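**Student:** what follows is a protein structure lacking sequence information:
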């Protein structure tokens, strides 16, 4: 495995940089000789350590280079880390192309990383807005996400990804990772499309259940609903192309590509060699109109704050051992940036119910812990959730997957995007309930939580689905599918 520092103590960012200098493995050789000249230790140790570095370099050059590009929250990043670790363990040379904020985490997970987006602070400065203002805008209007984040920094992302594209055997990205598909098309690199949640793999059989897609018919409306959706889909694609094609085409022109023929964010301009549905069939099965190249892998699970393993801290462990399983309240890694009254209300809800609770606030909080309520910034979901009795969260796909695998009921409080769709699915599957954030009050939430906790059928459903999910090997199956497409 290639760790965050190579045998000579050379940071892997140098390796990643070398791979993008237009000379591919020749760039690595340049790093090797620069290191040889700069390392001043006794002769025998120098030879031994350079030999180890040379072996690493040769193995990396001989391996098949695969780039996984991720843009978004930890729910977007974690599945790609899990898949990258599996691919790397098989001997592939894997590079994760991510936001600069996420580079250190990826390297701590033992992987190569290359930034394709600036830090969130740098982007906020460009937008001349605070982090809270940007988060609020993104929650209020998905068009803001597309226009002021994805498209505004698209040229930067494409150029950065282009730096490491030489000799890549495949690029893996989502429909939202626009630079990945553009670079794959430019260099004729096989492209693997990954769908992290059902909403991003369009189908007329099971339309997204979000405010943005209010016009589409739900699954239970049968054949008539499918006909209705088929009529609407060309209209939606045309409007999406009208809104967003112009700035994308400007970037495409800069990189020698013709104008778009298809609708961005809904369709890929490059035909993928494989499509990965990176979610469980117990969450959403494949539909007849999904691409024939689609493989449903199950969730690819990874859980760490820094990239390295984390046990539950002593305070959380002691709290869990001191009484009944708690309710866990969390807003994940994005919605937590604008939590509003969520945690204050959650604290009051737990007190009203007389339930023990753990609040995961993401950052320092003014709320105080007491004998029955523990306030913490972070805990690994995979270790905490199975020891809880109910999970109240925002509905991000990563948190939803961890909650499903834990086998406990969920109350989803969606804030934006796919969270609405994920919440609707959890509700229809009999695994929990959904409460819009604007309706999240002490009275309303207490009534709903009481119902969820007293529902024995719901609890049995959660245990049954969790048992099935624990048998899935999402990262392994995804790596299998990527290898098969090479």
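**Tutor:** Nice, I can see it. Keep in mind that what you see is a predicted model, and the values were worked out from it rather than measured.

**Student:** rest of the way, CA atoms for contacts and neighbours
**Tutor:** Noted.

**Student:** for burial, what's the neighbour tally of the closest residue to residue 469 other than its chain neighbours?
**Tutor:** With CA to CA, 6 or more residues apart in numbering as the measure, residue 405 is the residue that lies nearest to residue 469, at 5.8 Å, once sequence neighbours are left out. Residues near residue 405, counting by other CA atoms under 10 Å, number 24.

**Student:** what sits against residue 405?
**Tutor:** Taking CA atoms under 8 Å, 6 or more residues apart in numbering as the criterion, residue 405 is in contact with 465-467, 469-470.

**Student:** okay, and it sits in which element?
**Tutor:** Per DSSP states H and E: residue 405 is located in helix 397-406.

**Student:** where in this structure is pLDDT low?
**Tutor:** Confidence mapping of the chain against pLDDT under 70 gives the ranges 1-62, 335-339.

**Student:** those strands in it, which residues are they?
**Tutor:** 65-69, 93-99, 112-117, 168-173, 191-195, 274-277, 294-296, 327-330, 357-360, 373-376, 390-393, 410-412, 432-434 (DSSP state E).

**Student:** can you tell me what sits against the last one?
**Tutor:** Strand 432-434 is touched from outside by 409-414, 423-424, 426-427, 448, 452, 458, with contacts defined as CA under 8 Å, 6+ apart.

**Student:** how far does that strand sit from the chain's center?
**Tutor:** The offset between the C-alpha centroid of strand 432-434 and the centroid of the whole chain comes to 22 Å, using CA atoms, centre = their mean, to the nearest Å.

**Student:** the fourth one now?
**Tutor:** Centre-to-centre, strand 168-173 and its host chain are 17 Å apart (CA atoms, centre = their mean).

**Student:** again, but for the fifth one
**Tutor:** Between the mean C-alpha location of strand 191-195 and the chain-wide mean there is a distance of 13 Å, by CA atoms, centre = their mean.

**Student:** compute the inter-axis angle for it and strand 65-69.
**Tutor:** Angle of strand 191-195 versus strand 65-69, following axes from the mean of the first three to the mean of the last three CA atoms, to 10 degrees, is 40 degrees.

**Student:** report all helices and strands that strand 191-195 contacts.
**Tutor:** Contact here means 3 or more CA pairs under 8 Å, 6 or more residues apart in numbering; DSSP states H and E; on that basis strand 191-195 packs against strand 168-173, strand 274-277.

**Student:** OK, contacts around the residue nearest the centre of the chain?
**Tutor:** Within the chain, one residue has its C-alpha closest to the average C-alpha position: by CA atoms, centre = their mean, that is residue 76, at 0.9 Å. Residue 76 sits next to 70, 196, 398 when contact means CA under 8 Å, 6+ apart.

**Student:** just the buried ones from these?
**Tutor:** Of the members of these, the ones counted as buried by neighbours, 16 or more other CA atoms under 10 Å, are 70, 196, 398.

**Student:** which of these lies closest to residue 93?
**Tutor:** Out of these, the one with the shortest distance to residue 93 is residue 70. That distance is 16.9 Å, counting by CA to CA.

**Student:** hmm, that closest one is touching residue 79, no?
**Tutor:** No: using CA atoms under 8 Å, residue 70 is not in contact with residue 79; the gap is 9.5 Å.

**Student:** overlap in contacts of those two?
**Tutor:** Counting by CA under 8 Å, 6+ apart, no residue touches both residue 70 and residue 79.

**Student:** how many neighbours does residue 143 have?
**Tutor:** Residue neighbour count, defined by other CA under 10 Å, stands at 15 for residue 143.

**Student:** meant to ask about residue 125
**Tutor:** By the criterion of other CA under 10 Å, residue 125 has 12 neighbours.

**Student:** same check on residue 387?
**Tutor:** Using other CA under 10 Å, residue 387 has 19 neighbouring residues.

**Student:** so what does residue 257 look like in phi/psi?
**Tutor:** When read as degrees, to the nearest 10, the backbone of residue 257 gives phi -110, psi 150.

**Student:** now do the contacts for it.
**Tutor:** Contacts of residue 257 by CA under 8 Å, 6+ apart are residue 186.

**Student:** mind checking how far it is from residue 186?
**Tutor:** Computed with CA to CA, to the nearest Å, the distance linking residue 257 and residue 186 is 7 Å.

**Student:** next: residue 423.
**Tutor:** When CA to CA is applied, the distance between residue 423 and residue 186 equals 38 Å.

**Student:** who has more neighbours, these two?
**Tutor:** Taking neighbours as other CA under 10 Å, residue 423 and residue 186 compare with residue 423 leading, 30 against 16.

**Student:** need the contact list for the more buried one.
**Tutor:** By CA under 8 Å, 6+ apart, the contact list for residue 423 reads 395, 412-414, 433-434.

**Student:** one more time with 10 Å, if that's ok
**Tutor:** Residue 423 is in contact with 209-210, 393-397, 400, 410-414, 429, 431-436, counting by CA atoms under 10 Å, 6 or more residues apart in numbering.

**Student:** swap in residue 260?
**Tutor:** Neighbouring residues of residue 260 by CA under 10 Å, 6+ apart: 241, 245-246, 248-249, 252, 268-269.

**Student:** just the buried members of the residues you listed?
**Tutor:** Restricting those to buried positions leaves 241, 245, 248, 252, 268-269, with burial counted as 16+ other CA under 10 Å.

**Student:** tell me which two of these sit farthest apart.
**Tutor:** Across those, the longest distance by CA to CA is 14.4 Å; it joins 241 and 252.

**Student:** re earlier: what about the residue nearest to the centre of the chain, distance to residue 197?
**Tutor:** 10 Å.

**Student:** any residues in contact with both of these two?
**Tutor:** Residues within reach of residue 76 and of residue 197 at once, by CA under 10 Å, 6+ apart, are 396-398.

**Student:** looking at those, spot the one nearest residue 120.
**Tutor:** Nearest to residue 120 among those: residue 396, at 19.3 Å, using CA to CA.

**Student:** show me what contacts the closest one?
**Tutor:** Shown here is residue 396, whose contacts under the criterion CA under 10 Å, 6+ apart are 73-76, 197, 331-335, 412-423.

**Student:** one more: residue 365?
**Tutor:** When contacts are taken as CA under 10 Å, 6+ apart, residue 365 is in contact with 343-344, 359, 375-377.

**Student:** which of the residues you listed are buried?
**Tutor:** Burial by neighbour count, 16+ other CA under 10 Å: within the contacts of residue 365 this picks out 343, 359, 375-376.

**Student:** just checking, what packs against the longest helix seen in the chain?
**Tutor:** Using DSSP state H, we find that the single longest helix of the chain is helix 222-254. For helix 222-254, the contact count by 3 or more CA pairs under 10 Å, 6 or more residues apart in numbering; DSSP states H and E identifies helix 154-162, helix 178-187 as packing neighbours.

**Student:** brilliant, that's me finished.
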